[in-house]
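Asks: could you look at this predicted model? Sequence included:
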Amino acid sequence: MFSVEQGAVRTQWFPIDRVVGASTLYVGQLVKADMSVAINGVAPLAAGAAGAADTTGKNVLFGVVIGTNDQVPTYDATYGQYIASVQTPAQQKARKFFGVEGMWAKNDPQPFVKVAVIDAHTVLRGNIYNATVGVAPTVVTASAVNATAGLGMTTGSIDVATIAQLCTTYCRSGANRGLYRVNLSASATAHTFTTYWPYTLAIGDTFVTVPLKPFGTSYAQITTTAGYIGMGFNCAATPATDYFLIDVLELDLREAGKETVLFRFAPCHFDMVRA
């Protein structure tokens, strides 16, 4: 899921799109309100990033859903609170809702979501998942270590092969527990690092690796499961081809199932005019 930590442009109520079909929006989901397709409300992103910095997909980010106007909230066991669009007069009048703020009439029965509108200055926190929301990045165990102390090791297969200088490994257990290192290697099982591990690596040490930098400009892909697009970052997607550009402020891999990244989206993702 995504949450706004600092610098939202504003929070505001918006109806849910119906032009491109029925939509379901979840609290914590990224949404758009652009002109890439005709839409009459906020909508899920069309897909994950396509091309470098999403120059093929050209999703234009708008905000993060932070609430709904259902009187009685509805929940999915995996994805959390959600609200579904409706269309017919009977469906709208059957809703149990509360009136929203702003330009909208208090008695408008169409479904609304409250959105934290974002821009390139907004600081967000996103969960990191192994392709599917709720599935943590894979923890791997060292099966061999390099003879040069701290240089690297061989492990079971991580979620996606690393790309040199674009991925980060965190030590979960062993003498280097709690330390982060940027990957130098390009492999799913054989790992070397730009800065060596300071303490002796041992067979049985455990690690987790994600395709994100620990800070600074990084490549990142969101979750792309149909119907649940934009619910977090996907650590099983390679940073080599299709990605958003983000500025990482903090990468937290300390606890299984609670891996997160504090970040900003690059300015290009708020503009439809891109190379």
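Replies: Ah, there it is.
Asks: for the residue nearest to Ala202 when sequence neighbours are not counted, give me the pLDDT.
Replies: Nearest residue to Ala202 in three dimensions, chain neighbours excluded: Gly174, at 5.9 Å (Cβ to Cβ, 6 or more residues apart in numbering). Yep, even glycine has a C-beta here, placed from its N, CA and C like the rest. pLDDT recorded at Gly174 is 95.
Asks: quick one, what contacts Gly174?
Replies: Each residue near Gly174 by Cβ atoms under 8 Å, 6 or more residues apart in numbering is listed here: Ala142, Tyr199, Leu201, Ala202, Gly204, Asp205, Thr206.
Asks: go with 7 Å
Replies: Contacts for Gly174 (Cβ atoms under 7 Å, 6 or more residues apart in numbering) come out as Leu201, Ala202, Asp205, Thr206.
Asks: out of those residues, which sit inside helices?
Replies: When DSSP state H is applied, the contacts of Gly174 are split such that none fall in helices.
Asks: can you show me the strands along the stretch 51-200 of the chain?
Replies: Ranges of strands in the stretch 51-200 of the chain, per DSSP state E, counting those that start in this stretch, are 61-68, 74-76, 80-84, 112-117, 123-129, 139-145, 152-155, 168-173, 180-182, 190-192.
Asks: redo those as JSON lines? Include distance to Ser218 and mean neighbour count.
Replies: What follows is those, written out as JSON lines (distance: least, Cβ to Cβ, whole Å; neighbours: other Cβ atoms under 10 Å):
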{"stretch": "strand 61-68", "distance to Ser218": "16", "mean neighbour count": "23"}
{"stretch": "strand 74-76", "distance to Ser218": "29", "mean neighbour count": "12"}
{"stretch": "strand 80-84", "distance to Ser218": "26", "mean neighbour count": "18"}
{"stretch": "strand 112-117", "distance to Ser218": "22", "mean neighbour count": "23"}
{"stretch": "strand 123-129", "distance to Ser218": "12", "mean neighbour count": "21"}
{"stretch": "strand 139-145", "distance to Ser218": "21", "mean neighbour count": "17"}
{"stretch": "strand 152-155", "distance to Ser218": "22", "mean neighbour count": "22"}
{"stretch": "strand 168-173", "distance to Ser218": "9", "mean neighbour count": "21"}
{"stretch": "strand 180-182", "distance to Ser218": "11", "mean neighbour count": "19"}
{"stretch": "strand 190-192", "distance to Ser218": "18", "mean neighbour count": "19"}
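Asks: right, I'll call it a day here.
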